[in-house]
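Enquirer: next comes the sequence, and after it the predicted model I'd like to discuss.
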Amino acid sequence: MAIHRRKSTIWLTAAAAAMAVVAGGAAVVAISSSDGSALADGADKSLFVDITKVKPNVKKPRQQNNATTGTFTVNCGRNENNHFNPDNFIAQPGVRNGAEHLHDYVGNLSTNADSNNQSLQAAGTTCKNGDKSAYFWPVVRIIDEEEAAEGEEGGEQAPPKKDDKAQQDKDKAVKNQAQLQCPDVASLLPEDVPEGAQAEIDKELENIEKVTEEAEKKVAGTKAQDRDNVIVGPTREKRAAILNRMMLAFSRQGQQAPDLNPAAACAVKDAAQGEKGLDNGNENSDNAQAEGTEDKQNQNNGEENANNELEGNEGEIQRPAVVDLTFRGSPVGKVTAMPKFLRVLYGDAKAGQNGPKNAKASWTCTGFEDKVLMDKYPICPQGSDVKRVHDFPSCWDGKNIDSANHRDHIVFPDANGKCKQGFKAVPQLRISLTYKIPLDVQQDGRYLVDSFPEEEHNPLTDHDDFANVMSQKIMNRLVNCVNSGKKCRE
């Protein structure tokens, strides 16, 4: 079967033309064609670079004696179920097509513009170990004006998928319900759980989840005036009893017990309050729109069609050949648990407009990961594949699950791997995506990352999003694996 794509005419903006960002020796410069004519079918070919001609630029912080060297890898598939949409519930909650480019999703099955903590918790997952976290990034496409044979070597094409109206309606209904909010427990545990207490701690973390889920189910059917007596009070008492047993488990091992009592309290919030201001169990941070993003009144009316094409983002979607989700330790010490529902961003989808401050060099080829990361599209040598490497920030403020710009609550460590004062190290998520892009497509400059239309497929706009919806038990297992130096895969 032959497939023909209509030409996508793209103009490079003056702002992009003026920007030159140097990251690790590779400069990104957006320029127009010499005669002023429209550039067709994606990015300028000057944005494609032979990686073998780029000097090594990857620098790693020196490992201290107390570095945590363990890793925890989660198998969540490669988006085989074709979960796509142009939404971003972290940066633009409630805005359909808020991203104006298509995202690949693995993990949580319900993720869309209307997702919130409650809907994410209630959904299924593609992760084999039951991790309900949301992992999502812009898709990569191949633009081809001519016929492309079905099944051509290299780019495995993702089939089209229409939006699921029933799922949208379900998510909106969940979003409009009152929500039970309870403090995180795993992030209050010490970095070292005594080996003799580990089994009991895991069991009690599982009990915490069960008690909380049972209470959540009662919210919708309980009158507002009765919630304190029917839900909040009993839940607080049950959680307090579990937390006391956990503290005793530490004491029996001769270790000072952490104060887990603050995690006993829960509250029911009306839908009008939503998740605005959610910190790690309290209300005092602002979940406003990210700086530089469009507001809700300025929505693009474009919607993806049956072929998952968007204005300015067209072509055959390339499913990654490999999706690697790995959490790593810190080069300077132990890590503590991430709080449940923590939101984390990598890169900047609007680097052309916002500048390079939050942008990251993400592009490389297999076999070059430890040597070269570029802010241009790589042309890889024969036998090597195109790869994106996304290392997320890993210094948490110890309190908030989100912030006004979705960045201030969790930041990157310094060049030596240390977190700034007042911040603590949490497991660092690295998402690696490998693509079988045919060599001639690379050389022709015909593979592109989806972007906001005005960003012209600039490779510097590569980005990634993560929302932690792991159970307390999985997160505790992750931390123990990383801190003990093990290599765990689930």
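Expert: Nice, thanks for sending it over.

Enquirer: these two touch, right, Val323 and Arg430?
Expert: No: counting by C-beta atoms under 8 Å, Val323 does not reach Arg430; the two are 11.6 Å apart. (Glycine included, C-beta is placed from N, CA and C.)

Enquirer: ok, Leu478 to Arg328 distance?
Expert: 11 Å (C-beta to C-beta, to the nearest Å).

Enquirer: again but with Ser46, I slipped
Expert: Ser46 is 34 Å from Arg328, where distance means C-beta to C-beta.

Enquirer: neighbour count: those two, which is higher?
Expert: Arg328 (19 against 13; other C-beta atoms under 10 Å).

Enquirer: now the more buried one. Nearest residue, chain neighbours left out?
Expert: Gln428 (4.9 Å; C-beta to C-beta, 6 or more residues apart in numbering).

Enquirer: next, give phi and psi for that neighbour.
Expert: Dihedral pair for Gln428: phi -90, psi 120, per degrees, to the nearest 10.

Enquirer: C-terminal to the helix ranked longest in the chain, what's the next element?
Expert: When the chain is parsed with DSSP state H, its longest helix is helix 198-219. Moving toward the C-terminus from helix 198-219, the next helix or strand (DSSP states H and E) is helix 227.

Enquirer: after that following helix comes which helix or strand?
Expert: Criterion used, DSSP H and E; the element after helix 227 is helix 233-252.

Enquirer: same question for that following helix, mean pLDDT?
Expert: The average of the pLDDT scores along helix 233-252 is 94.

Enquirer: what do you get for stretch 471-485?
Expert: For stretch 471-485, mean pLDDT rounds to 95.

Enquirer: just the buried residues of it, please?
Expert: 471-484 (16 or more other C-beta atoms under 10 Å).

Enquirer: what are the contacting residues of that stretch?
Expert: 68-72, 129-132, 184-187, 189, 191-193, 198, 201-202, 205-206, 208-209, 327-329, 334-338, 340, 427, 468, 470, 488, 490 (C-beta atoms under 8 Å, 6 or more residues apart in numbering).

Enquirer: so which of these are in helices?
Expert: Using DSSP H, those in helices are Gln198, Ile201, Asp202, Leu205, Glu206, Ile208, Glu209.

Enquirer: Lys45 and Ile437, how far apart?
Expert: Applying C-beta to C-beta to Lys45 and Ile437 gives a distance of 15 Å.

Enquirer: more neighbours: which of those two?
Expert: Ile437 (22 against 12).

Enquirer: quick one: pLDDT of the more buried one?
Expert: 97.

Enquirer: I'd say it and Ile142 touch.
Expert: Yes: if you go by C-beta under 8 Å, Ile437 and Ile142 touch, sitting 7.1 Å apart.

Enquirer: count the neighbours of the residue lying closest to Ala337 once chain neighbours are set aside for me.
Expert: Counting by C-beta to C-beta, 6+ apart, Ala186 is the residue found nearest to Ala337 once chain neighbours are left out, at 3.9 Å. Applying other C-beta under 10 Å, we find 25 other residues in the vicinity of Ala186.

Enquirer: now swap in Ser403 and tell me
Expert: Ser403: 19 neighbours (other C-beta under 10 Å).

Enquirer: just the helices in the protein please.
Expert: 14-18, 117-122, 165-175, 198-219, 227, 233-252, 351-354, 439-444, 472-483.

Enquirer: where in the stretch 1-150 of the chain is pLDDT low?
Expert: The model of the stretch 1-150 of the chain has pLDDT under 70 over residues 1-43, 145-150.

Enquirer: repeat that with 50
Expert: The stretch 1-150 of the chain contains residues with pLDDT under 50 at 1-41, 147-150.

Enquirer: can you check the stretch 151-300 of the chain too?
Expert: In the stretch 151-300 of the chain (pLDDT under 50), the answer is 151-154, 162, 274-278, 281-300.

Enquirer: swap in 90 and give it another go.
Expert: Within the stretch 151-300 of the chain, the stretches with pLDDT under 90 are 151-181, 187, 190-195, 213, 216-217, 219-221, 223-226, 254-255, 268-300.

Enquirer: buried ones only from the contacts of stretch 471-485, please, as a PyMOL command.
Expert: In PyMOL, this line selects whichever of the contacts of stretch 471-485 come out buried by 16+ other C-beta under 10 Å:
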select buried, resi 68+70+71+72+129+131+132+184+185+186+187+189+191+193+201+202+205+206+208+209+327+328+329+334+335+336+337+338+340+427+468+470+488+490
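
Enquirer: quick one: neighbours of the spatially closest residue to Phe89 that is not a sequence neighbour, just the number.
Expert: In space, and not counting its chain neighbours, Phe89 is closest to Ser115: 4.1 Å by C-beta to C-beta, 6+ apart. Residues lying near Ser115 (other C-beta under 10 Å) number 24.

Enquirer: how near is Ser115 to Ala351?
Expert: 25 Å.

Enquirer: go through the helices of the chain and name the closest to Asn458.
Expert: Nearest to Asn458, of all the helices of the chain, is helix 351-354, at 5.5 Å by C-beta to C-beta.

Enquirer: helices or strands next to the closest one in the packing?
Expert: Applying 3 or more C-beta pairs under 8 Å, 6 or more residues apart in numbering; DSSP states H and E, one finds that helix 351-354 makes contact with helix 14-18.

Enquirer: what about Ser394, neighbour count?
Expert: 26.

Enquirer: what's it sitting at in phi/psi?
Expert: Torsion angles, degrees, to the nearest 10, at Ser394: phi -140, psi 20.

Enquirer: is it true that it touches Ile410?
Expert: Yes: at 7.4 Å, Ser394 counts as touching Ile410 under the criterion of C-beta under 8 Å.

Enquirer: so what sits against both of those two?
Expert: Joint contacts of Ser394 and Ile410 (C-beta under 8 Å, 6+ apart) are Val426.

Enquirer: now stretch 120-129: buried residues?
Expert: Within stretch 120-129, judged by 16+ other C-beta under 10 Å, the buried ones are Leu120, Gln121, Ala123, Thr125, Thr126, Cys127, Asn129.

Enquirer: adding distance to Asp444, write the buried residues of stretch 471-485 out as CSV.
Expert: Listed next are the buried residues of stretch 471-485 as CSV, based on distance: C-beta to C-beta, whole Å:
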residue, distance to Asp444
Ser471, 46
Gln472, 49
Lys473, 49
Ile474, 43
Met475, 44
Asn476, 49
Arg477, 46
Leu478, 42
Val479, 46
Asn480, 48
Cys481, 43
Val482, 42
Asn483, 47
Ser484, 48
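
Enquirer: what ranges does the stretch 51-200 of the chain have for its strands?
Expert: 71-74, 84-85, 103-107, 134-138, 140-142, 148-149, 179-181 (DSSP state E, counting those that start in this stretch).

Enquirer: so can I have a markdown table of the ones you listed showing distance to Pro262?
Expert: Converted to a markdown table, those look like this (distance: least, C-beta to C-beta, whole Å):
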| stretch | distance to Pro262 |
| --- | --- |
| strand 71-74 | 27 |
| strand 84-85 | 37 |
| strand 103-107 | 29 |
| strand 134-138 | 27 |
| strand 140-142 | 44 |
| strand 148-149 | 58 |
| strand 179-181 | 14 |
